[in-house]
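In: sequence first, predicted model second:
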Amino acid sequence: MSDTTTVSPLRQRMIDDMRARKLGRHSERSHIASCKRFAGFLKRSPETATADDVKAFQLSLIETDGLTICNRNRIMTGVKFLLKVTMRRLDLAAEVYHLKEPQKVPVVLGRDEVARILTMAPSLKARTMLTISYGCGLRAGEVARLRVGDIDREQKIIRVVQGKGRKDRNAMLPAEVLVLLETWWRERPKWRDAGIVPQQLWIFPGRDDDTPITPRQYSRLFQEAVVAAGIRKPGLTLHSLRHSCATHMLEAGVDIRKIQAVLGHDKLETTARYTRVATGMISEIESPLETLSLPKVRDGHPNERKRKRKKRSAK
């Protein structure tokens, strides 16, 4: 697990184990980086690690400034894979624990804010992609990897192929999205399409041949639109469009099970978190305060008025 150009036998075994289980490229890179960090902490091969070493490493992560709980847990997930799968050290893997992450409320845009972002998109390509993210509830990578064959005009659905968790699902295809797709297709560069089966063409090609736009490039387009729209909201990311889609559907009365299916959530609890930010639903809840019969306050608190009257009579 060293930083040298020569791949150590342990690292190669770990790579083989990850590929045998068909982990994604991002997971592979993350696990390798995590184990490099573990080896750097030990200053020797992880094969010589003890239970006390694993405990000390986890404590060092907790004490590291700027390291979030999410990143800390991600690092330990990679280390646990090494210990449990590659090294077969179940005793050491048992020492790995994950910290409970704080439950944060998703950042959601208002409908007017979404409209401003879509209007101020820097290009037709960007507007089409952003409209799909919001109108269909797709993740950034799912939008970027759309192919021509994923658009089903007859059934009015978008087929999301191998989304998060390597799962296929269907998402709705609004009429406005279809119109934008057709408009974009007429302007889309065609010079790299030669020799590719039409159904396999990327709808949003990237800078290199036969590759789609990357989520990072897509995120930059979103940030440009946000700046142009004059929206300053802390924690706002491209994923906020997906959050907004789910929240607005919930406020409109769409059944939560349908929303779960469209978003591709495994657990209903994941979808249910949007009830915490559905401002339309929350504002309609009647507070018990409204059922109380309280005297109207016209000039300060009633007790304060009594005190003033007593003060004037004493004079």
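Out: Nice, I can see it.

In: just checking, what's the longest helix in this protein?
Out: As assigned by DSSP state H, the longest helix anywhere in the chain is helix 25-42.

In: can you point out the buried residues in that helix?
Out: For helix 25-42, a neighbour-count test (16 or more other Cβ atoms under 10 Å) marks S27, S30, H31, I32, S34, C35, K36, R37, F38, A39, F41, L42 as buried. Quick note: C-beta positions are derived from backbone N, CA and C, even for glycine.

In: what's the angle from the helix or strand just after it to helix 25-42?
Out: Tracing the chain past helix 25-42, the next element assigned as helix or strand by DSSP states H and E is helix 51-62. Relative orientation of helix 51-62 and helix 25-42, computed by axes from the mean of the first three to the mean of the last three Cα atoms, to 10 degrees: 110 degrees.

In: who are the packing partners of helix 51-62?
Out: If you count contacts as 3 or more Cβ pairs under 8 Å, 6 or more residues apart in numbering; DSSP states H and E, helix 51-62 packs onto helix 25-42, helix 69-81, helix 90-93.

In: which of these sits closest to T50?
Out: With Cβ to Cβ as the measure, helix 90-93 is the member of these nearest T50 (7.7 Å).

In: for that closest one, give me every contacting residue.
Out: A49, T50, A51, V54, K80, L83, K84 (Cβ atoms under 8 Å, 6 or more residues apart in numbering).

In: enumerate every residue touching the nearest residue to A33 once chain neighbours are set aside.
Out: Counting by Cβ to Cβ, 6 or more residues apart in numbering, A33 lies nearest to G78, which is 7.2 Å off, once chain neighbours are set aside. By Cβ under 8 Å, 6+ apart, G78 lies in contact with S30, H31, I32, A33, S34, C35.

In: between those, which sits nearest T271?
Out: Closest to T271, out of all of the contacts of G78 and judged by Cβ to Cβ, is S30, at 26.2 Å.

In: give me the pLDDT for that closest one.
Out: Per-residue confidence (pLDDT) for S30: 95.

In: doesn't H265 make contact with K164?
Out: No - in this structure K164 lies outside contact range of H265 using Cβ atoms under 8 Å: 9.5 Å.

In: who's more crowded, these two?
Out: H265 (18 against 15; other Cβ atoms under 10 Å).

In: what is the burial count for the closest residue to that one other than its chain neighbours?
Out: What sits nearest to H265 in space, not counting adjacent residues and going by Cβ to Cβ, 6+ apart, is T271, at 4.9 Å. Using other Cβ under 10 Å, T271 is surrounded by 21 other residues.
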